[in-house]
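Student: everything below, folded, please.
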Amino acid sequence: MQHHASRMGARVIAIGGVEDHVHMLVRIPATLAVADLVGRIKGGSSHFAAQVLGRDFKWQGGYAAYSISPSAVPHVRDYVLAQKQRHADRASSPDAVEAPNRTRQRPVSGLPAV
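Tutor: Okay, the predicted model is just below:
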């Protein structure tokens, strides 16, 4: 993922995720469309994962992208890097029952909901 982003002139600040999704904090140049960057990252990583896993791998359609202020970068970086721990903590919580095949969207703590 980082390789594909850097080849397009973007700088990956943080990557974090779990088995079914990934979060990335990326600085992109104003001349690069977010959709182009996401398409390249998803396509390249799908190809790589298919080679490594030995089976077809496809990302879910769609994505979410947010613009943040420079002062929020450290907070969002920490949020992204803590994904495995956050999901492990949530999974071990007795009230963390979630319906299968459901997508939930949550705002990043301290950032406005979109």
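Student: contacts for stretch 10-29?
Tutor: Stretch 10-29 is contacted by residues 1-2, 5-6, 8-9, 32, 34, 37, 41, 60, 73, 76-77, 79-84, 87 when judged by C-beta atoms under 8 Å, 6 or more residues apart in numbering. For the C-beta atoms, the positions are set from N, CA and C on the backbone; glycine is no exception.
Student: tell me the secondary structure for Ala64?
Tutor: Taken by DSSP: H, G, I helix; E, B strand; the rest coil, the conformation at Ala64 corresponds to coil.
Student: quick one on the thing from earlier: among the contacts of stretch 10-29, which ones are buried?
Tutor: Among those, those buried by neighbour count (16 or more other C-beta atoms under 10 Å) are Met1, Ala5, Met8, Leu37, Ile41, Val76, Tyr79, Val80, Leu81, Gln83, His87.
Student: could you list which of those belong to helices?
Tutor: Mapping those onto helices (DSSP state H) picks out Ala5, Leu37, Ile41, Val76, Tyr79, Val80, Leu81, Gln83, His87.
Student: among these, which two are most distant?
Tutor: Using C-beta to C-beta, these span at most 24.7 Å, a distance reached by Leu37 and His87.
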